[in-house]
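Return atomic coordinates for the entry below.
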Amino acid sequence: MTGVRGGAHPDTGAVVRCLSTGGFVISARSVQKFGDNPFEVRDTDHYTEEYVPSFVEKWDSLIDWEKRAESEGTFFIDLLRERGVKKVLDVATGTGFHSVRLLEAGFETASVDGSAEMLAQAFDNGLKHGEHILRVVQADWRWLNRDVHGPYDAIVCLGNSFTHLFSERDRRKALAEFYAMLKHDGVLILDHRNYDAMLDQGYSSKHVFYYCGEDVAVEPEHVDEGLCRMRYSFPDESVYHLNMFPLRKDYTRRLMEEVGFQRIETYGDFQHTYREEQPDFFIHVAEKAYIATDETAAEYSPAVGTARDYYNSTDADEFYWRVWGGEDIHIGVYDRPDEPIAEASRRTVARMAGRLDLTPDSRVLDLGAGFGGSARYLAETYGCRVTALNLSEVENERHRAINAERGLSEIIEVLDGSFEKIPLPDNSVDVVWSQDAFLHSGNRRRPLEEAARVLRPGGQIIFTDPMAADGCPSDTLRPILDRIHLDTMGSPDFYRHELARLGFTEVGGGFEELREQLVTHYGRVLEETRRQEDQGLSEHISADYLAHMKKGLTNWVEGGKSNHVTWGIFHFTR
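Residues are numbered from 1 along each chain as shown. Below you'll find the predicted structure:
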């Protein structure tokens with residue numbers, strides 16, 4: 001491991017002692033300088049001038065090592081041990097909190113930071129907390145493999161540090177350097193603030209997990225999609241600032257995937273399950289190892305992959321075909337409570353289609369097409385061409401067979417795939433259609449972004465989705481979410497906000513809320529399940545599956561009656 005290079009700062013002449021040789025290292029400026037307009041400082045390299053000596057000296061009071069260790073527990077240690085990690089590279093050492101904890105836990109640890117001031121403080125802290133001699137190197141992530149010699153079993157990039165990179169090119173370059181530094185089965189652990197909540201709902205913090213110091217006030221002075229300027233106020237009335245890029249959770253996950261990481265799990269404040277607005281911090285655990293069992297599975301995010309496995313199962317295939325409604329496996333619109341499920345489900349299709357001016361020249365993309373009932377209705381009724389994209393190969397096989405029986409194979413194309421990566425070119429369809437499918441995405445912004453990409457100018461998106469009601473208490477959805485293996489659901493406000501962000505405008509009010517239809521539908525499916533059980537349904541579907549399904553249906557009915565979940569039709573145009 002190379003030592004930190006020596007020298008003096010060209011502006012201040014300030015020096016600090018070299019950590020490995022007794023020489024000197026370049027120091028940061030003595031005073032933070034952001035120029036005439038701090039909000040315009042959006043440069044990756046500026047962070048080296050923000051960590052001035054007086055700010056670094058106060059950093060440990062901001063963190064409070066003892067309280068942070070208590071709140072964090074053994075979360076990171078356990079993650080690393082579960083994966084058999086021995087060598088760890090801490091690329092955001094700061095003042096050394098995690099490097100020291102990793103050394104104490106027995107990991108061979110090297111410590112990297114871009115700030116010489118931080119590394120000097122970290123070295124002193126290593127001696128102070130257990131007489132550890134930290135192996136340190138000052139390096140820029142964008143050229144990490146030039147200055148640090150790997151490979152490593154794991155890289156940790158913690159403390160919201162990745163947000164110092166202001167350009168996507170820099171972020172991609174850093175992630176690629178991390179990827180290259182890891183062994184073939186290595187893991188990257190990276191965290192950042194919940195900027196989604198800050199951008200969408202405003203700033204709040206429980207102030208118990210990361211910045212635990214009680215006498216330090218931390219708050220944003222300015223937040224927009226390209227800058228979060230944080231203010232740190234200390235008891236001695238000193239004030240410091242950091243300019244950071246507000247990373248959204250799903251954007252960060254996408255960058256990791258595109259760089260090559262195979263599987264990414266995201267935690268909120270050290271918890272695997274969480275509500276989007278709850279955590280102060282997100283923690284991404286990205287595996288380099290190739291873990292997909294087949295080529296197709298590698299294309300799916302974890303949430304979509306879970307849905308794919310579920311709908312490919314024999315129990316699910318039999319249940320949705322026999323009980324839920326046959327060709328249409330979405331929520332129905334009922335004229336009367338005892339109406340057959342299939343009739344009500346087909347009414348939903350007709351109601352949605354009636355809002356569109358479809359012709360034989362129309363090109364429709366059905367996302368999450370299931371058994372293809374909606375695609376066939378549109379093709380037979382309006383003569384339009386339909387591309388049906390669906391993640392379940394089992395459902396798609398049934399879909400294609402029925403199309404062939406009805407002579408529709410020429411105008412309905414059935415594709416295996418995920419709506420998070422639509423295999424169609426830009427500006428290629430007139431209508432994006434979806435029914436109760438976006439629920440299954442772990443990144444619901446992604447299918448909307450993909451829909452916007454493939455729609456032609458003036459195109460329309462129309463869809464339904466079971467959702468959390470706006471303002472729903474955060475803990476009430478847990479029974480439903482646990483049943484469907486999701487951390488969150490969308491909401492009417494979420495979809496309105498995202499569609500507006502993508503340049504969509506409302507058609508006919510934009511959203512028709514039909515919460516009572518959700519209650520009726522899940523109640524009818526529950527009744528039908530019990531009725532068919534008395535007629536031998538268990539000969540086709542396992543008793544365990546039916547027991548879990550009845551419990552899940554009951555949770556949906558109760559959630560709807562309590563106004564915690566809702567459903568309806570979204571209709572927007574570009």
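
Now do the helix or strand hosting E380: which elements does it pack against?
When secondary structure is defined using DSSP states H and E, the element that contains E380 is helix 373-382. For helix 373-382, the contact count by 3 or more Cβ pairs under 8 Å, 6 or more residues apart in numbering; DSSP states H and E identifies helix 341-353, strand 363-367, strand 385-390, helix 393-405, strand 412-416, strand 429-435 as packing neighbours. C-beta coordinates here come from the backbone N, C-alpha and C atoms, glycine included.

could the ones you listed go into TSV alongside distance to L158 and mean pLDDT?
Output for these, formatted as TSV (distance: least, Cβ to Cβ, whole Å; pLDDT from 0 to 100):
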stretch	distance to L158	mean pLDDT
helix 341-353	46	96
strand 363-367	36	97
strand 385-390	38	95
helix 393-405	40	90
strand 412-416	38	94
strand 429-435	37	97
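
can you put those in TSV and add mean neighbour count?
What follows is the helices and strands packed on helix 373-382, written out as TSV (neighbours: other Cβ atoms under 10 Å):
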stretch	mean neighbour count
helix 341-353	19
strand 363-367	25
strand 385-390	24
helix 393-405	17
strand 412-416	19
strand 429-435	24
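
got TSV for these, with distance to Q201 too?
Putting the helices and strands packed on helix 373-382 into TSV (distance: least, Cβ to Cβ, whole Å) gives the following:
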stretch	distance to Q201
helix 341-353	30
strand 363-367	28
strand 385-390	32
helix 393-405	37
strand 412-416	36
strand 429-435	26
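
pLDDT weak spots in the stretch 251-400 of the chain?
Counting by pLDDT under 70, the ranges of the stretch 251-400 of the chain that qualify are 270-278, 289-307, 309-310.

pull the longest strand from this structure.
When the chain is parsed with DSSP state E, its longest strand is strand 182-193.

Need the residues that contact that strand.
Under the contact criterion Cβ atoms under 8 Å, 6 or more residues apart in numbering, strand 182-193 has outside partners 76, 79-80, 83, 85, 150-160, 162-163, 175, 178-179, 228, 246-247, 252, 256, 261, 280-289.

Try it again at 6 Å.
Where contact means Cβ atoms under 6 Å, 6 or more residues apart in numbering, the residues beyond strand 182-193 that reach it are 83, 151, 153-158, 160, 162-163, 178, 247, 281-289.

And the helices and strands packed on helix 373-382: which comes nearest D328?
Shortest distance between D328 and the helices and strands packed on helix 373-382, using Cβ to Cβ, is found for helix 341-353: 3.7 Å.

ok and the closest one relative to strand 429-435, angle-wise?
Between helix 341-353 and strand 429-435, the angle formed by their directions is 150 degrees, by axes from the mean of the first three to the mean of the last three Cα atoms, to 10 degrees.

Just want the angle from helix 341-353 to helix 373-382.
Here helix 341-353 runs at an angle of 60 degrees relative to helix 373-382 (the same axes, to 10 degrees).

then helix 341-353 to CSV, C-alphas only?
Only the C-alpha atoms of helix 341-353 are listed here, as CSV (Å, rounded to 0.1, in the frame of the first residue of the first chain):
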residue,chain,number,x,y,z
ILE,A,341,-65.6,-12.3,-11.6
ALA,A,342,-64.9,-12.8,-15.3
GLU,A,343,-67.7,-10.5,-16.3
ALA,A,344,-66.6,-7.7,-14.0
SER,A,345,-63.0,-8.1,-15.0
ARG,A,346,-63.9,-7.8,-18.7
ARG,A,347,-65.9,-4.7,-17.9
THR,A,348,-62.7,-3.1,-16.6
VAL,A,349,-61.1,-3.7,-20.0
ALA,A,350,-64.0,-2.3,-21.9
ARG,A,351,-64.1,0.8,-19.6
MET,A,352,-60.5,1.5,-20.2
ALA,A,353,-60.6,0.9,-23.9
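
Can you spell out which helices and strands pack onto that helix?
Contacts defined by 3 or more Cβ pairs under 6 Å, 6 or more residues apart in numbering; DSSP states H and E place helix 341-353 against no helix or strand at all.

try it again with 8 Å
In this structure, helix 341-353 packs against helix 373-382, strand 429-435, strand 455-464, helix 515-533, strand 568-573, with contacts taken as 3+ Cβ pairs under 8 Å, 6+ apart.

Sheet-wise, list the partners of the shortest one with their directions.
The one in question is strand 568-573. According to DSSP bridges, the neighbouring strands of strand 568-573, each with its direction, are strand 455-464 (antiparallel), strand 505-513 (antiparallel).

likewise the second one?
Sheet pairing here is set by DSSP bridges, and for strand 429-435 it gives strand 363-367 (parallel), strand 455-464 (parallel).

Now do the longest one: everything it contacts.
This means strand 455-464. Contacts made with strand 455-464 from outside it, assessed by Cβ under 8 Å, 6+ apart, are listed as 330-331, 348, 352, 355-356, 367, 427-438, 448, 451-452, 499, 504, 507, 567-574.

any idea of the mean pLDDT in the helix or strand following it?
Taking DSSP H and E as the definition, the helix or strand that follows strand 455-464 towards the C-terminus is strand 467-468. Confidence for strand 467-468, expressed as mean pLDDT, is 94.

Name every strand pairing with strand 467-468 and say which way it goes.
Neighbouring strands of strand 467-468 in its sheet, by DSSP bridges, are strand 565-566 (antiparallel).

Off-centre distance for the strand it pairs with?
Centroid displacement of strand 565-566 relative to its chain, using Cα atoms, centre = their mean, to the nearest Å, is 22 Å.

quick one: contacts of that strand?
Residues outside strand 565-566 that contact it (Cβ under 8 Å, 6+ apart): 466-469, 472, 477, 480, 489, 492, 513, 515, 518, 556, 559-560.

at 7 Å what do you get?
The set of residues that contact strand 565-566 without belonging to it, under Cβ atoms under 7 Å, 6 or more residues apart in numbering, is 466-469, 480, 492, 513, 515, 518, 556, 559.

Excluding residues flanking it in the chain, which one is nearest G332?
Setting aside the residues directly before and after it, G332 is nearest to A344 in space (Cβ to Cβ, 6 or more residues apart in numbering), at 2.8 Å.

picking that back up, got the angle between the helix holding E380 and helix 393-405?
With the same axes, to 10 degrees as the criterion, the two stretches helix 373-382 and helix 393-405 enclose an angle of 20 degrees.

Can you point out the buried residues in helix 373-382?
Along helix 373-382, these residues count as buried under the neighbour rule (16 or more other Cβ atoms under 10 Å): 373-379, 382.

Nearest to E339 among these?
For those, the minimum distance to E339 (Cβ to Cβ) is 16.5 Å, reached by G373.

That's all I had, so thanks and see you.
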